[in-house]
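Asks: Generate a structure from the sequence data that follows.
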Amino acid sequence: MPFKLTALSSFGGNASPQDPFFTNVELLLPFNESDGFTTTDDQSNRSRIMTFNTGCVVDDAQEKFGDASLRTDGAGEIHTPDAAGFEFGSNAFTVECHVRWDTSIGSQVHVFVSKYHGGDSHRAWRIDFDQVGGNLRFIYSIDGAGGGSNKIAQGSWSPVADTWYHLAADRTGSDSKVYADGAVIGTLSEASAIDANHSDIYIGNSEDLDVNMGAGWIDNVRITNGTARYQGAFTAPIEPYPTR
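Replies: Below is the predicted model:
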């Protein structure tokens, strides 16, 4: 495999960039394991354990940065247990990842990163793409029940298959935003706290809901609690996230 300059960020020494908000990172998944692995290391200080379900595997056929990414067949997902660090409340936060669909984008809701259980009183937040409505969305519930208690930052988005996209959502104060490749796609002004519940964190799906990403790849998942990293349009990342 050809040497990739972006791999320098994983080395020690002065050349390795540092994240000034790294102590607030609750999950960091670069998916740099060997092809075919069904385990992955959380590179945050939390060292969370990820469980792979059937249909997900580390795959070196595609990667945004590094050597591989997470491949999903459209039905599988990986998840980690709930923790206080994933319960945002009124905190500032950022949720982000890279996604790439395979050969087509199906007519469905595509979920990327989620703490949103299908059962009543277990819905907190998620980033998804409603292909039928054509909207990229960050959805959160203020009471866990969903429906009318959902608050949504959303806007029109037209992705295509076989292309990497950086997706993100952040919030500071009452201002929530959802982004694609650094562009603000949707905004919401809402001061209510996000419901605290005990749903697990799912990558590529929502727990107990018949919605998933679809067939494709996810890379560079990062959840930061306590910092809204962007707060407006920005240049999408061009190198791996720092691991310190």
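
Asks: Which secondary structure state does residue 217 sit in?
Replies: strand (DSSP: H, G, I helix; E, B strand; the rest coil).

Asks: How about the contacts made by it?
Replies: Residues near residue 217 by CB atoms under 8 Å, 6 or more residues apart in numbering: 59, 62, 63, 69, 70, 71, 72, 99, 100, 102. (Each C-beta comes from the backbone N, C-alpha and C, glycine too.)

Asks: How much space separates it from residue 98?
Replies: According to CB to CB, to the nearest Å, residue 217 and residue 98 sit 8 Å apart.

Asks: Need the residues touching each of those two.
Replies: Counting by CB under 8 Å, 6+ apart, the shared contacts of residue 217 and residue 98 are residue 69.

Asks: and the residue lying closest to residue 108 once chain neighbours are set aside, what does it touch?
Replies: The spatial neighbour of residue 108 that comes closest, neighbours along the chain excluded (CB to CB, 6 or more residues apart in numbering), is residue 131 at 5.9 Å. Contacts here follow CB under 8 Å, 6+ apart; on that basis residue 131 touches 105, 106, 107, 108, 109, 110.

Asks: Closest to residue 174 out of those residues?
Replies: Checking those against residue 174 by CB to CB gives residue 109 as the nearest, at 25.8 Å.

Asks: Do you have the helices of the protein handy? List them.
Replies: Counting by DSSP state H, the chain has no helices to list.

Asks: Give me the below-cutoff pLDDT ranges for this structure.
Replies: By pLDDT under 70, the weakly predicted segments of the chain are 1-15, 118-121, 208-211.

Asks: One more pass at 90, please.
Replies: In the predicted model, the chain carries pLDDT under 90 at residues 1-17, 54, 74-77, 106-107, 116-123, 143-149, 196-199, 205-214.
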